[in-house]
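Novice: Next input, structure requested:
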Amino acid sequence: MGLLDSIFGKKEEYPDLDPNSPVAAKVEDYRNQLEDLSQRAKDRLEAVPADDGMYVVVGKPPKEFGVVWYEGHEEHNFAEVVQQRGISGDRVEHLSRELKEAYEASADQQRYSYSLGDQKIVVTPAPKLASRLGEVVHEVTA
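Specialist: Numbers count the residues shown, from 1 in each chain. This is a model prediction of the structure:
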């Protein structure tokens, strides 16, 4: 199977998130937004709950991924904000590297699986990752 895993990509297996946990309650607060995003993105979603919102890593981190975040329940997209603000290529590269480093630093964090409609998402309750994503996002929006 190792050869087939390397060809087709290994399927992530995480324990189910306890539906009665505070983290699950936070994800449920954003269920509508996450379901909508999962329909539009058609890619892997990893929700990272924060005290003041939700960050979602979209794609295949740490190599190729984007970040969407919710302040209140309003959606923001890293790539769109960068484009709207006309941030230079060098600055975008720097910020992208910071996002990658933040994600890689959380590699040892426990991740969970969570059913969202007909799709499963990954949930990573990692306050340090959420904080670091927030710092990078603030650099883009400030």
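Novice: Tell me which residues touch the residue nearest the centre of the chain, please.
Specialist: Taking Cα atoms, centre = their mean, the centroid of the chain lies closest to Val57, which sits 2.0 Å from it. Applying Cβ atoms under 8 Å, 6 or more residues apart in numbering, we find Val57 in contact with Leu45, Glu46, Val48, Phe65, Gly66, Val67, Tyr103. From N, CA and C alone the C-beta is placed, and that goes for glycine too.
Novice: now, which of those residues sits nearest Ala142?
Specialist: Checking those against Ala142 with Cβ to Cβ, the nearest one is Val67 at 15.7 Å.
Novice: Would you tell me which helix is longest in this structure?
Specialist: Counting by DSSP state H, the longest helix found in the chain is helix 89-105.
Novice: Tell me which entries of the contacts of Val57 lie within helices.
Specialist: Assigned to helices by DSSP H, the following of the contacts of Val57 qualify: Tyr103.
Novice: Run through who's touching stretch 63-79.
Specialist: Against stretch 63-79 from outside (Cβ under 8 Å, 6+ apart): 30, 33, 37, 52-59, 99, 103, 133-134, 136-137, 140-141.
Novice: repeat that with 7 Å
Specialist: 30, 33, 37, 53-59, 99, 133, 137, 140 (Cβ atoms under 7 Å, 6 or more residues apart in numbering).
Novice: same thing with stretch 134-142?
Specialist: The set of residues external to stretch 134-142 that reach it, using Cβ under 7 Å, 6+ apart, is Ala50, Trp69, Phe78, Val81, Val82, Ile87, Leu95, Glu98, Leu99, Ala102.
Novice: Enumerate the positions of that stretch that are buried.
Specialist: Gly134, Val136, Val137, Val140 (16 or more other Cβ atoms under 10 Å).
Novice: So for that stretch, mean pLDDT?
Specialist: Computed over stretch 134-142, the mean pLDDT rounds to 89.
Novice: what's the distance between that stretch and the middle of its chain?
Specialist: Here the centre of mass of C-alpha atoms in stretch 134-142, compared against the chain's by Cα atoms, centre = their mean, to the nearest Å, lies 15 Å away.
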